[in-house]
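> Dropping a prediction and its sequence here:
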Amino acid sequence: SVQSCVEESSVVVTAVPSSTFKLSSQWLQDHATIINVASEPNVDEDELRKLNNVTYFPQIGKVTVALLERNLIQLHQRYSS
């Protein structure tokens with residue numbers, strides 16, 4: 001499930017292009033890094049501020065998004081067979 005994956009992750013990348021999706025801050029580990037690549041905020045920033053040592057990147061640039069997509073395609077091509 002999404003919850004179990006997030007609970008085990010020290011780095012979480014959100015990319016849901018919807019204003020209704022919000023990642024639960026209760027699922028995050030202490031010292032986690034959250035990177036939002038969607039145009040909508042996928043987390044409640046006020047909730048994140050209450051957590052211990054969580055690093056949050058609210059937005060990244062278009063070039064970074066393009067490179068992330070390129071890397072995902074390459075990863076799929078290498079390991080999908």
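Done, it's in. Numbering: from 1, shown residues only.
> From T14, how far out is T64?
Distance, T64 to T14, by Cβ to Cβ, to the nearest Å: 14 Å. For glycine as for every other residue, the C-beta is placed from the backbone atoms N, C-alpha and C.
> What of L23?
L23 sits 6 Å away from T14, taking Cβ to Cβ as the criterion.
> So Q77: helix, strand or coil?
helix (DSSP: H, G, I helix; E, B strand; the rest coil).
> Local confidence estimate at it?
Per-residue pLDDT puts Q77 at 93.
> what are the bridge partners for V43, then?
L23 (DSSP bridges).
> which residues touch it?
Contacts for V43 (Cβ atoms under 8 Å, 6 or more residues apart in numbering) come out as 14, 22-23, 25, 34, 36, 56.
> From these, which land in strands?
14, 34, 36, 56 (DSSP state E).
> Just list whatever residues bridge to the second one.
So the one you mean is I34. V12, Y56.
> Let me know the distance separating it from Q74.
24 Å.
> And for the first one?
Taking Cβ to Cβ as the measure, T14 falls 21 Å from Q74.
> Tell me which of those two has more neighbours.
Using other Cβ atoms under 10 Å, the more surrounded residue of T14 and Q74 is T14, with 17 against 10.
> Any idea which residue is closest to the centre of the chain?
In the chain, the centroid-proximal residue (Cα atoms, centre = their mean) is V13; its distance is 1.9 Å.
> Show the pLDDT at S39.
84.
> same check, this time on P17
87.
> contacting residues for it?
The neighbours of P17, taking Cβ under 8 Å, 6+ apart as the test, are 38-40.
> Now for this structure, the helix or strand with the poorest mean pLDDT.
Scoring the helices and strands of the chain by mean pLDDT, DSSP states H and E places helix 45-49 at the bottom, with a mean of 88.
> That helix packs against which elements?
The helices and strands touching helix 45-49, judged by 3 or more Cβ pairs under 8 Å, 6 or more residues apart in numbering; DSSP states H and E, number zero.
> Give the buried residues for that helix.
Of the residues in helix 45-49, L48 count as buried by neighbour count, 16 or more other Cβ atoms under 10 Å.
> Can you list the neighbours in contact with it?
Residues contacting helix 45-49 (Cβ under 8 Å, 6+ apart): 25, 28, 34, 54, 56, 58.
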